[in-house]
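Enquirer: take this sequence and fold it.
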Amino acid sequence: MNPVEFKDLPGLVGQEVGVSDWLLIDQDRVNKFADATGDHQWIHVDVERATKEMGGPIAHGYLTLSLIPFLGAGMLPIKGVTRGINYGSDKVRFINMVRVGKRVRMRQKLIGAEPKAGGMQLRNECTIEIEGEAKPACIAETISVVYGG
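Expert: Numbers count the residues shown, from 1 in each chain. A predicted model of the protein is given here:
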């Protein structure tokens, strides 16, 4: 998408603003997330047991959620923005497991754009899809505020 003017953001509400490239979810990424968060549940990090009991390890739901900023980077370039902050998330749902070895991508739709505290509050519906599967891994509404313009 080409950079948009700050003042034009409300006119984009309801539109898909981008689709990311595919990203491989490998065991190394899962293990590093486990180390960073202290969540070493066997379904994520014990490859042998997870393979035996459930067909293979799965990524943490919060790992999937944490990919939103990376997957969404550059999806909605805005002219003149000096900074942006994360304001929160709403309606986070983990719909489907992401098995290690699968690829994911994000589809983002702008669902709100309103002035807030000298900036513009943006609400995005972020859907993280799993390659080859009908059900997405995660659907979340994210809220950010951008300043500038």
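
Enquirer: switch to C-alpha atoms for all contacts and neighbour counts from now on
Expert: Noted.

Enquirer: only C-alpha atoms, please: export the longest helix anywhere in the chain in PDB.
Expert: Looking across the chain with DSSP state H, the single longest helix is helix 27-37. Extracted in PDB, the C-alpha atoms of helix 27-37 (Å, rounded to 0.1, in the frame of the first residue of the first chain):
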ATOM      1  CA  GLN A  27      11.100 -25.200  16.800                       C
ATOM      2  CA  ASP A  28      13.900 -22.700  17.500                       C
ATOM      3  CA  ARG A  29      11.400 -19.800  17.600                       C
ATOM      4  CA  VAL A  30       9.100 -21.800  19.900                       C
ATOM      5  CA  ASN A  31      12.000 -22.700  22.200                       C
ATOM      6  CA  LYS A  32      13.200 -19.100  22.400                       C
ATOM      7  CA  PHE A  33       9.700 -17.900  23.200                       C
ATOM      8  CA  ALA A  34       9.500 -20.500  25.900                       C
ATOM      9  CA  ASP A  35      12.800 -19.300  27.400                       C
ATOM     10  CA  ALA A  36      11.600 -15.600  27.200                       C
ATOM     11  CA  THR A  37       8.300 -16.300  28.900                       C
END
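
Enquirer: other SSEs contacting that helix?
Expert: Applying 3 or more C-alpha pairs under 8 Å, 6 or more residues apart in numbering; DSSP states H and E, we find helix 27-37 packed against helix 42-45.

Enquirer: so for the helix it packs on, what gets flagged as buried?
Expert: Neighbour-count burial for helix 42-45, counted by 16 or more other C-alpha atoms under 10 Å, picks out 43, 44, 45.

Enquirer: before we move on, what about stretch 32-39?
Expert: Those would be 33, 34, for stretch 32-39 by 16+ other C-alpha under 10 Å.

Enquirer: one step back: what does the longest helix of the chain contact?
Expert: 39, 40, 44, 45, 59, 60, 63, 100, 101 (C-alpha atoms under 8 Å, 6 or more residues apart in numbering).

Enquirer: show me where this structure has its strands.
Expert: Applying DSSP state E to the chain gives strands spanning 16-19, 23-24, 81-94, 103-116, 119-130, 138-148.
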